[in-house]
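Undergrad: coordinates only, sequence not included:
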């Protein structure tokens, strides 16, 4: 029987660690947090020094009971949860429940799941860090007070189902303000004058008007086509001659290894991953992937970190790898070290890196899902590149004069003389090779043209740029960026428009409401100050209860006052000239969770509503070529929470609705005549036969169209891009 119990958060992590430990150890999982604040009530005693009321959720009870029994039997219990505030809090909650003597329990932590790291951690056990626990509790209590106090206010004054959050509301404000910048933007026309020139008998190149009378031309200097043509008219018969050739070598250094925010940004830019997707895949790589006969191996270090430090062991291994793989000239004489420059970097000891540089992405690709491979490849390349020699670039600038004016054109070129780190981590800059020209050399004119341009509005935030903005303003911390973005999308404050984040109507209303009536809650500087205070709590420099009290008392007083002052009608109702065709009463524009719509003021007696367009005008119902099966009236297209659906035009007298069928192109395997279509239920999306209720065949994941070679059931898409049999009992799924 095992003498020691090691507890981690996830079964995957437990499986990876168990291979490093002998028979004296049993590794088990808590499945994340074992206790939390209750969902149905505030759970914080504001009159008793903000004491949190923790409960064990019913779903966790069985697991916790089993862990408690194991802990009681073990000689020693090691809490091996992640080394951050959340991990420290999980360890503390477990210790509070187990109530073991101090000498029977210890805290161990590691930043990578490798044999060496786990062995080193067991040699250096420590006590649970109460300061980190306090910081986690403070954040949890602070967020609960804001969320559970402000959300009911929004329900009462705007619409039910809304939520407010200390950090999410600031993120929504950023997105709303950017959208208003875009709306206010007035594009400006400007022109450039460009020439295609050729060295006699050699390559051609393009140059752009750069100087006029020895002054560098401003980007917006040429305002119109008329001005541009005045310039080209003077130059059409000119002789072009090289005025100056400037050549210089520059060295380009690699970027530092990833920390959480930069990984999220780069994965979004290069791979198109959302912040949530990036962190989910990184978690899988950290906890361990089964690499064939090698077993379960953690491929990267801990992915929630602000640190840029790399361990000496890894630096030595990386140096040897670079020399052997790419040659001495690509390696460094001594490791390149990067200085931490972000707030709160004291919590994590290492950057995100591969646990072993010799785990080349291509060599382990067969064991990874496509998404896992792409993210691991990105992390591996960025880290190895950070320890490679800099790239040497030859930059050339050619200035061209003419015999008609004092106008100077410039062409710039760049050649990579030595790739260095660019060999494995290429960047967006491309080589532009200019012909070898000499000063005073005459060039042939091939083309002279004015080109029209327009200034562009600022872009909407993407996951990458929003994370960067939050980090620059000191709002949130590594573990919060992905949940923030996921929450504001789930709550319908923001929707994805391609890779960009677009605010909804309700986002404008709620953001404006909070800015006007609760300015401190959504103030950028104040939110950043709270983050700094949480860091001070983690460092043991500040008590958490006085910090909460300083925020909560004025917030609570203001909230009480705003319940009296703020009128719902003024916020969400806008008068129109529209008259309800069903009862003759005026209609108003209302703002609901899913946008603006026209509603009858005779509600609840008259429940007539209409969709509106961007100008606030009623959109005529889209009548489809179908009659209601119950009353015979025309069916129309409507928009609801889950998008468009078909409904009877005689609503609310007739409440018949139908989903819009989304075919998968797969025939029903049960009846053979129906098609498998996408459907929705309270449990989420599923796939069923179009002949329902005559045929009740369903599967919960999208079918591929192929059939299982063993049991002939439909094959379906599974997690991580894999494909499996829809029959759970089939041996295909047990391989």
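TA: Right, received. Where do you want to start? Just so it is clear, the model here is predicted, and its values are computed rather than measured.

Undergrad: Can you tell me the element the closest residue to residue 540 other than its chain neighbours falls in?
TA: Counting by C-beta to C-beta, 6 or more residues apart in numbering, residue 540 lies nearest to residue 131, which is 4.2 Å off, once chain neighbours are set aside. Bear in mind the C-beta positions are built from the backbone N, C-alpha and C, glycine included. Remark: residue 131 resides in helix 130-157, with elements defined by DSSP states H and E.

Undergrad: How about that helix, which residues are buried there?
TA: 131-151, 153-154, 157 (16 or more other C-beta atoms under 10 Å).

Undergrad: How far off centre is that helix?
TA: 22 Å (C-alpha atoms, centre = their mean, to the nearest Å).

Undergrad: now stretch 116-132
TA: Put simply, stretch 116-132 sits 31 Å off its chain's centre (C-alpha atoms, centre = their mean).

Undergrad: returning to that earlier point: can you verify my assumption that the residue nearest to residue 540 contacts residue 536?
TA: No. Between residue 131 and residue 536 there is no contact, the gap being 9.5 Å when judged by C-beta atoms under 8 Å.

Undergrad: on that earlier part again, report the contact partners of the residue nearest to residue 540.
TA: By C-beta atoms under 8 Å, 6 or more residues apart in numbering, residue 131 lies in contact with 537, 538, 539, 540.

Undergrad: Take the residues you listed and lay them out in CSV including pLDDT, distance to residue 110 and neighbour count.
TA: Shown next, in CSV, are these (pLDDT from 0 to 100; distance: C-beta to C-beta, whole Å; neighbours: other C-beta atoms under 10 Å):
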residue, pLDDT, distance to residue 110, neighbour count
537, 96, 24, 25
538, 93, 19, 25
539, 92, 22, 14
540, 94, 23, 13
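
Undergrad: and of those, the nearest to residue 15?
TA: Nearest to residue 15 among those is residue 538, at 30.6 Å by C-beta to C-beta.

Undergrad: So residue 592 sits against residue 504, correct?
TA: No. Between residue 592 and residue 504 there is no contact under C-beta under 8 Å: 10.2 Å.

Undergrad: So which of the two has more stuff around it?
TA: Between residue 592 and residue 504, counting by other C-beta atoms under 10 Å, residue 504 is the more crowded of the two (23 against 20).

Undergrad: Tell me if I'm right that that one and residue 496 touch.
TA: No. If you go by C-beta under 8 Å, residue 504 and residue 496 don't touch, sitting 11.3 Å apart.

Undergrad: Quick one: name whatever helix or strand follows the helix holding residue 131.
TA: helix 168-184.

Undergrad: now for the helix or strand just after that following helix, which elements pack on it?
TA: Sequence-wise, the next helix or strand downstream of helix 168-184 (DSSP H and E) is strand 189-199. Contact here means 3 or more C-beta pairs under 8 Å, 6 or more residues apart in numbering; DSSP states H and E; on that basis strand 189-199 packs against strand 204-212, helix 225-235, strand 407-418, strand 442-454.

Undergrad: Between these, which one is closest to residue 663.
TA: Here strand 442-454 is closest among the helices and strands packed on strand 189-199 (C-beta to C-beta), at 41.8 Å.

Undergrad: Run the chain-centre distance for that closest one.
TA: On C-alpha atoms, centre = their mean, the centre of strand 442-454 falls 43 Å from the chain's centre.

Undergrad: There's contact between residue 178 and residue 465 in this structure, I believe.
TA: No. Residue 178 sits out of contact with residue 465 when judged by C-beta under 8 Å, with a separation of 9.1 Å.

Undergrad: what's the overlap in contacts for these two?
TA: Common neighbours of residue 178 and residue 465 (C-beta under 8 Å, 6+ apart) do not exist.

Undergrad: Just give me the neighbour total for residue 120.
TA: 12.

Undergrad: Check residue 45 too.
TA: Using other C-beta under 10 Å: residue 45 sits among 11 other residues.

Undergrad: And for it, nearest residue in space, chain neighbours not counted?
TA: residue 51 (4.5 Å).

Undergrad: now residue 118
TA: residue 20 (4.9 Å).

Undergrad: Residue 367 now?
TA: Residue 367 sits nearest to residue 291 (C-beta to C-beta, 6+ apart), 4.9 Å away.

Undergrad: what does residue 213 give?
TA: residue 406 (4.9 Å).

Undergrad: what's around that neighbour, how many residues?
TA: Residue 406 has 11 neighbouring residues, counting by other C-beta under 10 Å.

Undergrad: So it sits against residue 209, correct?
TA: No. The criterion here is C-beta under 8 Å, and residue 406 misses it with residue 209 at 11.4 Å.

Undergrad: So for stretch 631-638, what gets flagged as buried?
TA: 635, 636, 638.

Undergrad: now do stretch 167-186
TA: 167, 168, 169, 170, 171, 172, 173, 174, 175, 176, 178, 179.

Undergrad: And these, which is closest to residue 218?
TA: Relative to residue 218, and with distances defined as C-beta to C-beta, the nearest of the buried residues of stretch 167-186 is residue 178, at 26.0 Å.

Undergrad: average model confidence for stretch 600-615?
TA: The average of the pLDDT scores along stretch 600-615 is 80.

Undergrad: Flag every buried residue along it.
TA: Neighbour count says stretch 600-615 has 600, 602, 606, 608, 609, 610, 611, 612 buried, by 16+ other C-beta under 10 Å.

Undergrad: quick one: which of those residues sit in strands?
TA: Counted as lying in strands by DSSP state E, out of the buried residues of stretch 600-615, are 600, 609, 610, 611.

Undergrad: Pick out whichever of those sits closest to residue 61.
TA: Using C-beta to C-beta, residue 609 comes nearest to residue 61 of these, at 44.5 Å.

Undergrad: check contacts around the residue nearest to residue 118.
TA: With contact taken as C-beta under 8 Å, 6+ apart, residue 20 is in contact with 114, 115, 118, 119.

Undergrad: so what pLDDT did it get?
TA: pLDDT at residue 20 comes out at 91.

Undergrad: Same question for the one 10 residues further on.
TA: What the model reports as pLDDT for residue 30 is 94.

Undergrad: For it, give its distance to residue 663.
TA: 43 Å (C-beta to C-beta, to the nearest Å).

Undergrad: Check which helix or strand residue 556 maps to.
TA: helix 544-565.

Undergrad: for that helix, packing partners?
TA: If you count contacts as 3+ C-beta pairs under 8 Å, 6+ apart, helix 544-565 packs onto helix 130-157, helix 505-517, helix 524-538.

Undergrad: Buried ones in the second one, by neighbour count?
TA: Within helix 505-517, the residues that qualify as buried are 505, 506, 507, 508, 509, 510, 511, 513, 514, 515, 517, counting by 16+ other C-beta under 10 Å.

Undergrad: Report the distance from the helix or strand following the helix holding residue 556 to the chain centre.
TA: The helix or strand immediately downstream of helix 544-565 is helix 568-572, counting by DSSP H and E. Distance, stretch centre to chain centre, for helix 568-572: 33 Å (C-alpha atoms, centre = their mean).

Undergrad: other SSEs contacting helix 568-572?
TA: Secondary-structure packing of helix 568-572 (3+ C-beta pairs under 8 Å, 6+ apart): helix 130-157, helix 505-517, strand 586-592.

Undergrad: Now the last one: buried residues?
TA: Residues 587, 588, 589, 590, 591, 592 are the ones in strand 586-592 that count as buried (16+ other C-beta under 10 Å).

Undergrad: which one of the residues you listed is nearest residue 332?
TA: Distance to residue 332 across the buried residues of strand 586-592 (C-beta to C-beta) is lowest for residue 591, with 58.4 Å.
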